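Q: my questions concern the predicted model and sequence given below.
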Amino acid sequence: MLENIEIQTSSGNVFADLGLPNSDEMLAKAELARKISQAISAHGLTQMEAAELLGIDQPKVSALIRGKLTGFSLERMFRFLNAFGSDVEITVKPKSSHNARIIVKEL
């Protein structure tokens, strides 16, 4: 027997789709955490070595890698990327759609 399954198109932000508050910030933090995790891997660092480089303890590196982002501000995450030699650029421009949004992208 076939049943009807409702499909909803994503907004591009899973946190907004779930109706969570501060969804743009949550998405930006998740993207930054992914980039930090990639930098740790690309440099071949252990969590202990990454912790030393970032000036935090190993459990915080573990939390960051696992997406437990409470306690990590966007500014702090920017500094982590700087520690890996990445520039972080913030661009402000007129919104391109009905809703203004925050986007993290890699060049």
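A: Everything's here; your move. Residues are numbered from 1 along each chain as shown.

Q: against which helices or strands is the helix ranked longest in the chain packed?
A: Determined from DSSP state H, the single longest helix within the chain is helix 23-42. Contacts defined by 3 or more C-beta pairs under 8 Å, 6 or more residues apart in numbering; DSSP states H and E place helix 23-42 against helix 14-17, helix 58-65, helix 74-83. C-beta coordinates here come from the backbone N, C-alpha and C atoms, glycine included.

Q: one more pass at 10 Å, please.
A: For helix 23-42, the packing partners by 3 or more C-beta pairs under 10 Å, 6 or more residues apart in numbering; DSSP states H and E come out as helix 14-17, helix 47-54, helix 58-65, helix 74-83.

Q: ok now that helix, how far from the chain's centre?
A: Put simply, helix 23-42 sits 3 Å off its chain's centre (C-alpha atoms, centre = their mean, to the nearest Å).

Q: circling back to that earlier point, can I get the helices and strands packed on helix 23-42 in a markdown table including distance to residue 6?
A: Shown next, in a markdown table, are the helices and strands packed on helix 23-42 (distance: least, C-beta to C-beta, whole Å):
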| stretch | distance to residue 6 |
| --- | --- |
| helix 14-17 | 13 |
| helix 47-54 | 42 |
| helix 58-65 | 35 |
| helix 74-83 | 34 |
